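Chemist: Just to be clear, the model below is a prediction. Sequence and coordinates:
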Amino acid sequence: MAYTTIKKPSDYFNTKLYTGNGTTDTAITGVGFQPDLSIIKARDMAYNHNVMDAVRGSTKRVATDLTDAESTQAEMIKSFASDGFNLGDNGGVNQDTKTYVSWNWKANGQGSSNTDGSINTTYTSVNTTAGFSISTYTGNGTNNATIGHGLGAVPKMMIFKILSSADDWTVYHASLGATKKLNLNDTGAESTVPEIFNDTEPTSSLITFGTHGRTNTNGQNYIAYCFAEKTGYSKFGSYVGNGSSDGSFIYTGQKSAFIIIKNTSTSGTNWVMFDNKRIGYNESNYYLRPNGTNTESTNIPLDILSNGFKIRTSAGDVNTSGNTYIYMCFAEEPLVGDNPATAR
């Protein structure tokens, strides 16, 4: 089996915890690289999941728990820096004494236009090593429209948001296929909407759209976050729940630094996110919900192991019997290589 050349996954994804001080021009360091996508959430306050990236510009914000159009927030992330980012005094990211988590991915700065598709992207920032790209584009409202994602590999997960008006976030996952979608901002199950991706799977170079407003209304602006799988660094898959407190073990081939899970079968279930920094210990890993403002909690027991993760609850968000779940995870350490993973 071929393994990724990524010897240190934290060079491309890293979770950074910090405590706010309520002042402007606050430098947060220790990310380990200059982030191109940062999502920031207050851990102990019911605030939004704030999404900023280098392609749109650091002061442009959308939130995973909102349908709102993009807004300018000059006092959230004021700028990205070589080892983190600089904050203003907005309470959503920097209230005095409050604790925050930031999840950070490395692409390639603002990037440049990708002209592979029938729609030229405004900017596409690509990290082919880590299998991650960020693109902005303007829809043309035609069937079979395409944009280039730049990955050189087939995306396994794609997340879209219209920027110029209010609408849901749209999630494609390879386990569901191109006729189905999920909404990142709510608790719905999968739904069949073939026209969003024109019933066409992405290729190693292109994403195809129909005329649906979620991805391709004429004259509207969009953001696309695309992820290809890199063995030992990232994994995108699915599992079926068994409804037991001794839940499923999901093999990923890596010790994960970040895991997100969604029940695709049943509505009324949350997206849940875990990481390797906000931990108590196995079975007590903190989670947050990207579709809500809830503070972090430990009532969904999950073990992060050297080669995957183990569900320790029958809770419907992660383990209803017979329900299907999708997941996305990024590695702390690969299972093999120069720095093989060990159990915690």
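Modeler: Looks like it arrived, so ask away. Numbers count the residues shown, from 1 in each chain.
Chemist: Domain map for this structure?
Modeler: The chain breaks down into these domains under automatic domain parsing: 11-105, 123-228, 234-334.
Chemist: Please state the offset of the first one from the chain centre?
Modeler: Okay, so that is domain 11-105. From the chain centre to the centre of domain 11-105 is a distance of 14 Å (C-alpha atoms, centre = their mean, to the nearest Å).
Chemist: pretty sure Tyr172 contacts Met157?
Modeler: Yes. Using C-beta atoms under 8 Å, Tyr172 is in contact with Met157, at 6.7 Å. Backbone N, C-alpha and C define where each C-beta goes, glycine included.
Chemist: thinking again about what came up before, would you mind giving the domains of the chain as JSON lines with mean neighbour count and mean pLDDT added?
Modeler: Below are the domains of the chain laid out as JSON lines (neighbours: other C-beta atoms under 10 Å; pLDDT from 0 to 100):
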{"stretch": "domain 11-105", "mean neighbour count": "19", "mean pLDDT": "98"}
{"stretch": "domain 123-228", "mean neighbour count": "20", "mean pLDDT": "98"}
{"stretch": "domain 234-334", "mean neighbour count": "20", "mean pLDDT": "94"}
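Chemist: Minimum distance to Asp116: which of those has it?
Modeler: domain 123-228 (2.9 Å; C-beta to C-beta).
Chemist: gap between the two ends of the closest one?
Modeler: Distance across domain 123-228, first residue to last, is 19 Å (C-alpha to C-alpha, to the nearest Å).
Chemist: Over to stretch 74-93?
Modeler: 12 Å.
Chemist: got a list of contacts for it?
Modeler: Contacts to stretch 74-93, defined as C-beta atoms under 8 Å, 6 or more residues apart in numbering, come from residues 16, 20, 22-36, 38, 40, 42, 45, 47-48, 50, 52, 54, 58-59, 61, 73, 94, 98, 100, 102, 104.
Chemist: circling back to that earlier point, select, out of the domains of the chain, the one closest to Ser113.
Modeler: Between Ser113 and the domains of the chain, the shortest gap by C-beta to C-beta is with domain 123-228, which sits at 6.5 Å.
Chemist: and the closest residue to Asp246 other than its chain neighbours, what is it in contact with?
Modeler: Leaving aside its sequence neighbours, Asp246 sits nearest to Arg312 (C-beta to C-beta, 6 or more residues apart in numbering; 7.5 Å). With contact taken as C-beta under 8 Å, 6+ apart, Arg312 is in contact with 245-247, 283, 301-303.
Chemist: what do you get if the cut-off is 10 Å, keeping everything else the same?
Modeler: 244-247, 282-285, 300-303, 318-319 (C-beta atoms under 10 Å, 6 or more residues apart in numbering).
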